[in-house]
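**Q** got a predicted structure plus its sequence, pasted below:
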Amino acid sequence: MTKKNLCPRCGSKKMKWHDPQLGIWECGSCGYRGSVVVEDSSVQKKVKEAKKMERLSWKRQLK
Ligand SMILES: [Zn+2]
């Protein structure tokens with residue numbers, strides 16, 4: 001069984017190493033960079049949560 005690394009922001013599978021020495025990943029789809037990647041099974045939940053958080057912070061910024 002192989003694990004697939006997915007973007008925690010958009011759920012894309014286009015994750016590639018940005019800096020392997022620092023353990024930084026880069027998403028080829030949304031441009032996300034970070035050490036956090038998610039595995040297949042949990043990604044949908046996390047993406048939903050992230051979108052929820054994004055919406056909340058948007059509202060705060062607009063005020
Ligand atoms: Zn992404």
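**A** Okay, I see it.
**Q** contacts for whichever strand or helix holds Lys48, please.
**A** Under the assignment given by DSSP states H and E, the secondary-structure element containing Lys48 is helix 43-62. Surrounding helix 43-62, the residues in contact under the criterion Cβ atoms under 8 Å, 6 or more residues apart in numbering are Leu6, Pro8, Arg9, Cys10, Gly11, Val38. Any C-beta I mention is one placed from the backbone N, CA and C, and that applies to glycine too.
**Q** who wins on neighbours among those residues?
**A** When these are compared by neighbour count (other Cβ atoms under 10 Å), Leu6 ends up highest, at 24 neighbours.
**Q** and that residue, bridged to which residues?
**A** For Leu6, the beta-bridge partners under DSSP bridges are Val38.
**Q** give the contact list for it.
**A** Contacts of Leu6 were listed using Cβ under 8 Å, 6+ apart, and they are Ser12, Lys13, Met15, Val37, Val38, Glu39, Asp40, Val43.
**Q** pick out the most distant pair among those residues.
**A** Largest separation among the contacts of Leu6 by Cβ to Cβ: Ser12 and Glu39, giving 13.7 Å.
**Q** okay, those two: which has more neighbours?
**A** Ser12 (16 against 11).
**Q** three-state assignment of the spatially most central residue of the chain?
**A** Centrality entry for the chain: nearest residue to the mean C-alpha point is Pro8, 2.0 Å, by Cα atoms, centre = their mean. Pro8 falls in the coil class when you classify it by DSSP: H, G, I helix; E, B strand; the rest coil.
**Q** what separation do you get for it and the ion?
**A** In this structure, Pro8 and the ion are 8 Å apart, going by Cβ to the ion, to the nearest Å.
**Q** then Leu56?
**A** As defined by Cβ to the ion, Leu56 lies at a distance of 19 Å from the ion.
**Q** equivalent analysis for Gln21, please.
**A** Counting by Cβ to the ion - Gln21 and the ion are separated by 22 Å.
**Q** tell me how many other residues surround that residue.
**A** Burial measure for Gln21: 6 neighbouring residues, criterion other Cβ under 10 Å.
**Q** kind regards, and thank you for your time.
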